[in-house]
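Trainee: Here's my sequence, what's the structure:
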Amino acid sequence: MEELEFLMNSLWTMIAAVLVIFMLGGFILLEAGSTRMKNAGHIAGKTVFTFGIASLVFWAVGYGFIFGGNGNFFVGLTDFFYSGAQADGAGLQTTVFFVFQLAFAGISLTIALGGFAERAKLSVYLIFSVLFSALVYPVIAHWIWGGGWLFEHGKQDFAGSTVVHLTGAMAALAATILLKPRIGKYNADGSANPIFGHNQVYTALSVIILWVGWFGFNAGSTVSVADGFFGFVALNTNLAAAAGSVSALLISWIVLGKSDISTMLNGALAGLVAITASCAFVDTWAAVLIGFVAGILVFYSVRFFENRKIDDPIFALSVHGTAGVWGTLSNGFFATKELATVGKPGLFYGGGFHQLGVQATGIVVSALYAFVVSFVILFVIKKISGLRVTEEEEIMGLDISEHGTYGYPEVFLPNEESKNA
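Mentor: Coordinates of the predicted model:
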C-alpha cells in the first residue's frame, strides 16, 4: 500500500509539474497579446529561451540553494548540479519533486521579465535570467519553503503568492523603473496614452491556459493524493478565480460605464494569484472573498501605477504584486484552526494578530530583498552595457531589430518578399 501511494504521489506531482510548465504557453499569449505585433516573435522566443536558462541554473545551484543542507541564513549549501541519484524523498520520488520545483522557478522569472516588455535588449534577458535564478528567487524560496527563518516563524504561503508571484513582480518593478516608459506612453503633461495590445483573443486564451495550469500550481503543491485533499485546494483555486473575474468586470462597469474585458481577464488572474498562498488554509467562502477583493484591487492598482508613470505592459505589478500581497495577508485573517498545518489560525478564527504579523513580515522582507537585489543587478548592467534598445530599434520593433525577422512577416514585409520569406 505504501508503494502504491508513493507511485501515485509521484505521478500526480509529475502531472502537476507538466501543467505548471505548460503555463509558459499562457504567458507567451498573455504578453504577446497585451503588446504590439511588431514584438510578438521576440516575446515568444525569449520566453522559451529564458525558461531554458532558468532550468539550467536551477539544476546547477537553485535547487541546492533552496533545499540543500548545511546552509546559512540565506541559502542551503548542498545538492548542487543535481544528479537525480539522491535517495527517494518522503512520500514521492525526489526527481519528480525537483522538476516540480524547477517549474515554479521558471514561472517566477517569466513574471519578472514581463516588466522588460517591448524595450529591453535580448542580452539583458540573458544576464538577468541567470542572476535572478541564482541570487533572487532561491533565497526567498529557501526562507519560506526550504526550512529557512520565515518557515520557522510559521509563514503561510502554500503555493507561492509571495515566493513566486511577489518575487517576480518586485523584479519587474525594478526593471520598469530603470528601463523607463515605452516611447509614446506618456505626454509632456504626464498624462498617459493607452498602448493597446494587438490581440485580445490571445489574452483571453492565455487566461484559460493559466487558469487550467493553476490546478497544477496549487493543487499540485499538495504533492500527495492522500485523502484527496488536492480536490479541496482545486475547488478553492477555481472559486477565487471565478470571483476575481466577476468583481473586476463589475467594478470596471460601475466606474467606467463600460465593462472592460482586459480588466476582467486581469481579475481572473489576480484571483488566482491571491488564492495561491491560502488555497490549503481557508474555507471555501473565504476563497470566494479573497478572489473577489483581488479583482477589485487589480482594477485600482493598474491605475495607481500608471498615474505614477510606471509603464507595466502586462500589468505584472498589479496582477502578481498587489494580488500577491493581498493573498499572502489573507491567511492572517482567514486561516482556520483545522487547516493551518503551518503557522497559526488567522484573526477571524481565534488566532489574534500573530499570523497577520508573520505574513506581513514575510511580505515586506521578501519584497525588499527581491526589489533591491534585482535593482542592483539591472543598475550594474545598465552602467556597463545599457538595458534598452535604441529609439530606432524600439520603433522598428524587437522582432526585426533583435532577430532579423517578424513574428507576423505577412503584415510587415512587402507582398513579394513575404512570399519568399
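Trainee: and stretch 147-164, how far from the chain's centre?
Mentor: Here stretch 147-164 shows a centroid-to-chain-centroid distance of 16 Å under the convention Cα atoms, centre = their mean, to the nearest Å.
Trainee: Adjust the sequence numbering to begin at 53 for everything that follows.
Mentor: Yes, from this point I'll number from 53; that puts the last item at stretch 199-216.
Trainee: That one: which residues count as buried?
Mentor: Residues 200, 202-203, 205-216 are the ones in stretch 199-216 that count as buried (16 or more other Cβ atoms under 10 Å). Where you see a C-beta, it was placed from the backbone N, CA and C, and this is true even at glycine.
Trainee: And stretch 421-433, by the same measure?
Mentor: Judged by neighbour count using 16+ other Cβ under 10 Å, the buried positions of stretch 421-433 are 421-423, 425-427, 429-430, 433.
Trainee: May I see those arranged in JSON lines, with distance to G398 and secondary structure as well?
Mentor: Formatted as JSON lines, the buried residues of stretch 421-433 follow (distance: Cβ to Cβ, whole Å; DSSP: H, G, I helix; E, B strand; the rest coil):
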{"residue": "Y421", "distance to G398": "25", "secondary structure": "helix"}
{"residue": "A422", "distance to G398": "25", "secondary structure": "helix"}
{"residue": "F423", "distance to G398": "27", "secondary structure": "helix"}
{"residue": "V425", "distance to G398": "30", "secondary structure": "helix"}
{"residue": "S426", "distance to G398": "31", "secondary structure": "helix"}
{"residue": "F427", "distance to G398": "33", "secondary structure": "helix"}
{"residue": "I429", "distance to G398": "36", "secondary structure": "helix"}
{"residue": "L430", "distance to G398": "36", "secondary structure": "helix"}
{"residue": "I433", "distance to G398": "41", "secondary structure": "helix"}
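Trainee: one step back: in helices only, show me the buried residues of stretch 199-216.
Mentor: 202-203 (DSSP state H).
Trainee: List the buried residues in stretch 284-292.
Mentor: Quick answer for stretch 284-292 (16+ other Cβ under 10 Å): 284-286, 288-292.
Trainee: go on, stretch 177-195?
Mentor: Under 16+ other Cβ under 10 Å, the buried positions of stretch 177-195 are 177, 179-195.
Trainee: Identify the farthest-apart pair in the buried residues of stretch 284-292.
Mentor: Taking Cβ to Cβ as the measure, the buried residues of stretch 284-292 span a maximum distance of 12.9 Å, between F284 and A292.
Trainee: name the helices or strands packed onto the helix or strand hosting I415?
Mentor: If you go by DSSP states H and E, I415 is part of helix 406-436. For helix 406-436, the packing partners by 3 or more Cβ pairs under 8 Å, 6 or more residues apart in numbering; DSSP states H and E come out as helix 174-183, helix 189-196, helix 201-204, helix 219-231, helix 375-386.
Trainee: is it possible to export the buried residues of stretch 421-433 to JSON lines including pLDDT and distance to A278?
Mentor: Listed next are those as JSON lines, based on pLDDT from 0 to 100; distance: Cβ to Cβ, whole Å:
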{"residue": "Y421", "pLDDT": "98", "distance to A278": "34"}
{"residue": "A422", "pLDDT": "98", "distance to A278": "33"}
{"residue": "F423", "pLDDT": "98", "distance to A278": "38"}
{"residue": "V425", "pLDDT": "98", "distance to A278": "38"}
{"residue": "S426", "pLDDT": "98", "distance to A278": "38"}
{"residue": "F427", "pLDDT": "98", "distance to A278": "43"}
{"residue": "I429", "pLDDT": "98", "distance to A278": "41"}
{"residue": "L430", "pLDDT": "98", "distance to A278": "44"}
{"residue": "I433", "pLDDT": "98", "distance to A278": "46"}
